[in-house]
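> I need the structure of the sequence given here:
(one chain, ligands or ions: 1)
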Amino acid sequence: MLTLERLTEGHAPALLSFEAENRAYFARSVRDRGDEYFLHFADQHAALLAEQAEGICHFHVLLDDDGRVVGRFNLFDVVDGVAELGFRVAEASSGRGVARAGVRQVIALARGGYGLVRLIADAEIRNGASRAVLRATGFVPVGEVERGGQPCVRHVLDLSG
Ligand SMILES: CC(C)(COP(=O)(O)OP(=O)(O)OC[C@H]1O[C@@H](n2cnc3c(N)ncnc32)[C@H](O)[C@@H]1OP(=O)(O)O)[C@@H](O)C(=O)NCCC(=O)NCCS
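Model (predicted):
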């Protein structure tokens, strides 16, 4: 069984393992976090928790029964009830609907728990899996934007209805 939990200090070791073990896999689709991220992971983690405490972001990890992180599902840059969504799933768990399930859970939290009214998610055009997950969870493509020099499709999910 997989459980979505709001990020805490105690998740740090499992999250570091997740990022390190999947670093090469993630770098094939999204920008690599860089060596500094891994060297200063404790500081990065503390900074995330501080942002979360201020209500700017809501971070989540999806855990398996052994407490291993199999995915992360983050809402960031919350302004006026609108947040951006980002997600990633471990290579070993990919292709089994884990991202779809995690996104659905985070949408429910965004609507019910955090009272957000709209989510935005940008997926690179070349990232077919990410776009498929967004489509399957109700996001609507609204146009193209550029992120980090890559053409992306912007997706929006209205939570107010
Ligand atoms: C994108 C990612 C989160 C998907 O995770 P996942 O758990 O494998 O996703 P799911 O199994 O829930 O769904 C994947 C869907 O993509 C589809 N898919 C996979 N590869 C695809 C491709 N190249 N083109 C189109 N669709 C593709 C699958 O068929 C599936 O759709 P379906 O259920 O309708 O068949 C994962 O690959 C990942 O973490 N990648 C690296 C980080 C990343 O790209 N994050 C997203 C940034 S916006």
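
> Would you mind listing where the protein has pLDDT under the threshold?
Filtered on pLDDT under 70, the chain yields no residues whatsoever.

> Run through the strands of it in chain order.
Assigned by DSSP state E, the chain shows strands spanning 3-6, 60-63, 69-79, 82-89, 118-124, 140-147, 150-158.

> Can you name the residues of this structure sitting close to the ligand?
26, 29-30, 87-89, 94-100, 123, 127-130, 132-133, 136 (C-beta under 6 Å from any ligand atom). Where you see a C-beta, it was placed from the backbone N, CA and C, and this is true even at glycine.

> Swap in 8 Å and give it another go.
Proximity of the chain to the ligand (C-beta under 8 Å from any ligand atom) is limited to residues 22, 25-26, 28-30, 71, 86-91, 93-103, 121-124, 127-136.

> So among the residues you listed, which ones count as buried?
22, 26, 30, 71, 86-90, 93-94, 98-103, 121-124, 127, 130-131, 133-134 (16 or more other C-beta atoms under 10 Å).

> coming back round to it: inside helices: which ones of the residues of the chain next to the ligand?
With helices taken from DSSP state H, the overlap with the residues of the chain next to the ligand comprises 25-26, 98-103, 128-136.

> Tell me how many other residues crowd H45.
H45 has 19 neighbouring residues, counting by other C-beta atoms under 10 Å.

> Could you verify my assumption that F41 touches A12?
Yes - judged on C-beta atoms under 8 Å, F41 makes contact with A12 at a distance of 7.2 Å.

> need the longest helix for the protein.
helix 41-53.

> No further queries at this time; thank you.
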